[in-house]
Every structure is written in C-alpha cells, then in structure tokens.
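> Just the structure for this:
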Amino acid sequence: MTRRERLLTTLAHREPDRVPLAFEARQEVREQLYRHFGVDGDLALFDAMGIDGFSVFTDAYVYPRYIGPAPHTLPDGTTADMFGIVHQRYAPLAFAETIVDLDDYPWPSADWFDYSDVKARAQAVKAQDMLAVGGEGGCGIIHAVNLRGYELALSDPLLDPDFTHAYMQRMGDFFVDWNERWLAAAEGAFEIFRCGDEIGGNVMCHVNPTVWREFYKPQLARIFAVAKRHGLKIWFHCCGYCRPLLPDLLEIGVDMWDPTPPTVRDNDPVALKREFGQDLTFIGGVNEPEVCVDGTPEDVRAEVRRRLAQLAPGGGYILGPSQNLTEDVPLANVLALYDEALKCGGY
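Have a look, this model is predicted:
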C-alpha cells in the first residue's frame with residue numbers, strides 16, 4: 001500500500017497492510033536521524049524509516065499566505081502572531097474587563113490571507129503520497145489562555161460568564177469565517193482538518209467539564225461543522241487529561257486523537273479501544289517519557305508490541321510516540337521504536 005492508502009484505510013477503521021506510523025520529534029532528534037540515514041529533510045526521512053506522516057504534518061499542512069497588517073512587535077524585537085500573542089509572554093486581550101472593551105481589540109480577519117494557491121499546494125502534497133491537511137480549530141482553552149493569560153482565562157467563566165461568552169463568540173466568528181474561506185479555496189483537495197487544545201494536565205482538566213461544555217464546546221462545534229461540510233476528517237491533539245470529554249469530542253465530529261499518552265490519568269489503552277475504538281482513531285500511544293527516555297531498546301520494542309496488540313486490531317490506530325521525541329531519547333531507542341513497528345505491525 002502507499003502511505004495515503006494505508007492512512008485512509010485505517011482512518012476508515014479497516015485493517016491496511018500494516019499499522020501506519022506517526023512521527024513527532026524535536027529538531028535535535030530529527031538532525032540525528034538525518035545524519036544516521038544520510039538524508040536531507042523529513043520527507044526523505046519518512047521514506048527511509050517507513051513513516052506515514054502523522055502526527056506532525058511536515059510538508060503536508062497547507063496554510064494560506066498571510067498578507068495582513070504587520071504583526072505587533074515587543075520592545076525586544078519579538079514578533080507576535082496575528083492575534084497579537086507572544087506565547088507565555090504577552091496576552092493581548094488581558095486588558096479587557098467588559099464586553100465594551102472587546103471593541104478595542106484588533107480581532108484578526110479572514111481578509112488577512114491569500115488563499116489563491118491553497119488548492120495547488122494541497123494537490124502537490126497529495127502528489128507526494130501524503131494526506132493534505134488544512135484548517136485550524138482554535139477556540140480552545142489554550143487559545144483563551146494565550147489571549148487572556150492563565151489566571152484570567154481560567155477565572156473568566158466563573159466570575160463573568162457573559163463576558164466570557166462574548167469573547168469566545170468573537171473568536172468563533174473569526175475561525176468559522178477563516179476556515180470556510182480556507183477550505184473552500186482547496187476545492188476538495190484537503191482530507192484532514194487540524195485542531196489542538198491542551199484540555200488538561202496529567203491528572204485533571206484545566207476547567208471543570210461542565211465549564212468546557214458551556215464555553216468551548218459550542219465554538220468548536222461551529223468550526224468543526226465547517227470541516228464536515230467540506231468532507232474532512234478532524235484530527236484533534238491533546239496530550240493532557242481529556243478522558244471525560246472524549247464522548248463530547250466525538251459528538252462534535254472528532255475522528256482522530258493524538259497522541260494517546262498512556263501516562264495520563266484514565267488513558268488505559270485497552271479500555272480506550274474497547275469504548276471508543278469503533279469511532280476514534282488513536283495516534284501515538286508509545287510511552288515516550290518513561291520508556292523511550294529511560295528504557296533500553298528492548299524495553300521500547302516490548303512497548304511497541306504491547307501497543308500494537310492493544311490498539312491495532314480492526315484498524316483505527318497510527319502508532320507513534322506519546323509525546324514529542326525529545327533530545328534525551330537515545331537514538332538507539334528511536335530506531336528500535338520504528339524498526340519493531342515495521343517488523344511486528346503487519347495485519
């Protein structure tokens with residue numbers, strides 16, 4: 001099978017020739033692998049290692065070209081994103097205290113992007129035997145945190161629900177319009193829609209599930225509806241605790257969950273497969289912080305075999321690390337992970 005055939009088969013919850021392989025790694029790890037295999041760049045690395053491309057959409061994610069106003073710059077020269085955010089350093093909506101204040105914030109516009117070559121670039125991705133990925137979910141807890149700062153974002157829903165609904169609605173309005181323009185420009189060339197949000201830490205959600213359902217779920221549902229109208233499967237990233245909300249995510253259209261970390265509370269792979277395996281494709285799953293970092297190559301191989309046995313039957317599993325492969329993962333362990341997956345991942 002080709003990469004595309006293998007991925008599309010498993011996303012349809014059927015068994016391909018072998019379990020597809022995901023890749024998530026820091027640049028230091030990538031550089032080691034480039035040198036080891038004598039290649040230049042991720043696509044050549046994927047070919048050398050049998051990787052199918054998830055969960056980092058290297059060269060497969062087609063983003064419209066930004067043509068909007070010059071971004072905000074901090075005194076030290078650091079450039080903000082289109083929302084004015086400098087990650088963990090500057091929260092541009094922190095000044096707002098009332099709904100009226102929201103009018104003083106320069107909300108981004110879908111007009112700030114050039115979509116004219118989106119279709120051609122998506123088709124070029126497919127020509128490289130990759131699934132074409134587009135869209136951006138936004139509107140999650142972490143986006144609110146980046147706009148408001150942790151303290152305000154997490155207390156807003158409790159202290160001022162009307163104000164919180166107002167700024168979440170404005171965020172949702174932008175993402176709905178932006179994604180509609182973006183996906184329409186592709187004229188059917190996209191196959192996957194991307195969204196990520198760190199709903200929780202290792203043992204609990206950042207907000208009570210009832211709060212998530214009131215303030216974040218409705219906006220995500222609006223945005224995901226755009227993706228579904230364009231026939232896309234929805235990839236959702238959350239490497240923290242989100243077990244109570246998996247049924248909600250499925251309800252609003254999520255098809256894939258990355259990176260299925262087994263070290264997070266309630267993420268028993270056997271239970272997850274039993275309860276959600278008919279509807280949800282699991283991506284990742286191989287214990288990165290405990291086994292890939294601290295284990296031996298044989299420990300990694302045993303972990304790979306264990307995950308294959310638990311999550312692969314019936315399709316709906318793309319094997320990979322449960323977090324970014326960090327620079328403290330020995331190269332021998334990275335090689336063992338993918339070698340064992342190729343040896344033992346056949347159906």
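
> C-alpha only now, for contacts and for neighbours.
Will do.

> which ones are touching the residue nearest the centre of the chain?
Central residue of the chain (C-alpha atoms, centre = their mean): His237, 3.4 Å from the mean position. Listed by C-alpha atoms under 8 Å, 6 or more residues apart in numbering, the contact partners of His237 are Cys195, Gly196, Asp197, Glu198, Trp257, Asp258, Pro259.

> if you set the cut-off to 7 Å instead, what comes out?
Going by C-alpha atoms under 7 Å, 6 or more residues apart in numbering, His237 touches Cys195, Gly196, Asp197, Trp257, Asp258, Pro259.

> for Met168, same thing?
Contacts of Met168 (C-alpha under 7 Å, 6+ apart): Cys139.

> following the helix or strand hosting it, which helix or strand comes up?
Secondary structure from DSSP states H and E places Met168 in helix 161-186. Next along the chain after helix 161-186, taking DSSP H and E as the criterion, comes strand 192-196.

> got the contact list for that following strand?
132-138, 227, 232-238.

> Near the closest residue to Thr9 other than its chain neighbours, how many other residues are there?
Nearest-residue entry for Thr9: Pro16, 5.7 Å, with adjacent residues in sequence omitted and distances by C-alpha to C-alpha, 6 or more residues apart in numbering. By other C-alpha atoms under 10 Å, the residues close to Pro16 number 21.

> Assign Pro16 to helix, strand or coil.
coil (DSSP: H, G, I helix; E, B strand; the rest coil).

> Flag the shaky bits of the chain, pLDDT-wise.
Scanning the chain for pLDDT under 70 picks out the ranges 55-58.

> how long is stretch 179-192 from one end to the other?
The straight-line separation of the ends of stretch 179-192 (C-alpha to C-alpha, to the nearest Å) is 13 Å.

> residues in contact with Gly345?
Arg18, Val19, Leu308.

> And for Leu21?
With contact set as C-alpha under 7 Å, 6+ apart, Leu21 has these partners: Ile51, Asp52, Phe54, Ile318, Leu319, Gly320.

> what's the spacing between it and Ala225?
28 Å.

> what's the answer for Ser109, then?
If you measure Ser109 against Ala225 using C-alpha to C-alpha, the figure is 20 Å.

> Wait, the residue nearest to Thr9 touches Leu8, no?
No: contact between Pro16 and Leu8 fails when scored by C-alpha atoms under 7 Å: they sit 8.7 Å apart.

> With Val62 as the reference, measure out to Tyr34.
From Tyr34 to Val62 the distance is 24 Å (C-alpha to C-alpha).

> So for the two, which residue has more residues nearby?
Val62 (24 against 17).

> I figured the more buried one hits Val133, correct?
Yes: in this structure Val62 lies within contact range of Val133 using C-alpha under 7 Å: 6.2 Å.

> Could you pull out the strands in the stretch 151-300 of the chain for me?
192-196, 233-237, 254-258, 281-286 (DSSP state E, counting those that start in this stretch).

> so how far is the second one off the chain centroid?
Same thing as strand 233-237. 6 Å (C-alpha atoms, centre = their mean, to the nearest Å).

> do the same with the third one
Strand 254-258 sits 8 Å away from the centroid of its parent chain (C-alpha atoms, centre = their mean).

> burial count for the residue nearest to Asn287 when sequence neighbours are not counted?
Once flanking residues are discounted, Asn287 sits nearest to Ser322: 5.4 Å by C-alpha to C-alpha, 6+ apart. Ser322 has 24 neighbouring residues, counting by other C-alpha under 10 Å.

> Also Gly277?
Count around Gly277 with other C-alpha under 10 Å applied: 21.

> From Leu308, how far off is the nearest residue to it once chain neighbours are set aside?
In space, and not counting its chain neighbours, Gly277 is closest to Gly316: 6.8 Å by C-alpha to C-alpha, 6+ apart. Computed as C-alpha to C-alpha, the Gly316 to Leu308 distance reads 11 Å.
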